[in-house]
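Q: heads up, no residue letters with this:
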């Protein structure tokens, strides 16, 4: 029994080291969202550019990207040119400007171009919290009925668009979700967990 007490710290250290090693192998972009397959949370927020009220009913009745961004977010600056490219190709994008100064956000959109149909100012971060956002950028794929179908944590670039978001976006454009969900392959669904 006394010998076991001598090895107890070593056993505890080995168990903790194993847990930390396992944690290092996890991909933080694979964080699941409790809101996938649920409606976009209700919101009434001011438009960054016009200062008019925007709410859920202002979301287009077609598949879209809901992009959480901020001027203080370095990764958002990296992502922004690609969002402009997507918008130029006709992909509807709605922005959620997270905990930002509205004047700074307006200058950002003027300087770097505005890919958003509209962008709401989430100064207190309540909508972001309701969406389960951990930080910016995060992007949600929303269907025509306003239901979140996929979440991506991090920068949306060409690779993420082509391998994760575009296949689902295109399917949502051509079919109703109830038809789509019945045919959804495990590989497509796994990309959005």
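A: Yep, it's here. Given the structure is predicted, the values throughout are model-derived calculations rather than measurements. Numbers count the residues shown, from 1 in each chain.

Q: what part of this structure, helix or strand, is modelled with the least confidence?
A: Taking all helices and strands of the chain together, the one with the lowest average confidence (mean pLDDT, DSSP states H and E) is helix 177-183, at a mean of 50.

Q: make sure residue 65 is indeed in a strand.
A: Yes. Assigned with DSSP: H, G, I helix; E, B strand; the rest coil, residue 65 falls within a strand.

Q: that one contacts residue 89, doesn't it?
A: No. Counting by C-beta atoms under 8 Å, residue 89 is not a contact partner of residue 65; they are 11.9 Å apart. C-beta coordinates here come from the backbone N, C-alpha and C atoms, glycine included.

Q: just want to know which of the two has more residues nearby.
A: With neighbours defined as other C-beta atoms under 10 Å, residue 65 and residue 89 compare such that residue 65 has more, 24 against 7.

Q: ok, what's across the strand from that one?
A: When assigned by DSSP bridges, residue 65 has beta-bridge partners residue 93, residue 141.

Q: from residue 101, how far off is it?
A: With distances taken as C-beta to C-beta, to the nearest Å, residue 65 is found 24 Å from residue 101.

Q: over to residue 142?
A: Per C-beta to C-beta, residue 142 is found 26 Å from residue 101.

Q: which of these two has more neighbours?
A: Counted by other C-beta under 10 Å, residue 142 and residue 101 do not tie: residue 142 has more neighbours, with 24 against 15.

Q: now do the same contact list for the more buried one.
A: With contact set as C-beta atoms under 8 Å, 6 or more residues apart in numbering, residue 142 has these partners: 40, 59, 63-66, 148-149.

Q: which residues of the chain fall in strands?
A: Ranges of strands within the chain are 44-47, 53-55, 64-69, 93-98, 118-122, 138-142, 148-153, based on DSSP state E.

Q: between those strands, which one is closest to residue 162.
A: Minimum separation from residue 162 across the strands of the chain (C-beta to C-beta) falls at strand 148-153, 12.5 Å.

Q: next, the angle from that closest one to strand 64-69.
A: On the basis of axes from the mean of the first three to the mean of the last three C-alpha atoms, to 10 degrees, strand 148-153 is oriented at 30 degrees to strand 64-69.

Q: show me what strand 148-153 is packed against.
A: When contacts are defined as 3 or more C-beta pairs under 8 Å, 6 or more residues apart in numbering; DSSP states H and E, strand 148-153 packs onto strand 138-142, helix 166-174.

Q: okay, these, which one's buried deepest?
A: Here the criterion is mean neighbour count by mean count of other C-beta atoms under 10 Å, and of the helices and strands packed on strand 148-153 the winner is strand 138-142, at a mean of 24.

Q: returning to that earlier point: need the strands of the chain in TSV (columns: mean pLDDT).
A: Listed next are the strands of the chain as TSV, based on pLDDT from 0 to 100:
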stretch	mean pLDDT
strand 44-47	98
strand 53-55	98
strand 64-69	98
strand 93-98	98
strand 118-122	98
strand 138-142	97
strand 148-153	95
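
Q: and the ones you listed as CSV, adding distance to residue 168?
A: Converted to CSV, those look like this (distance: least, C-beta to C-beta, whole Å):
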stretch, distance to residue 168
strand 44-47, 26
strand 53-55, 25
strand 64-69, 11
strand 93-98, 15
strand 118-122, 23
strand 138-142, 6
strand 148-153, 6
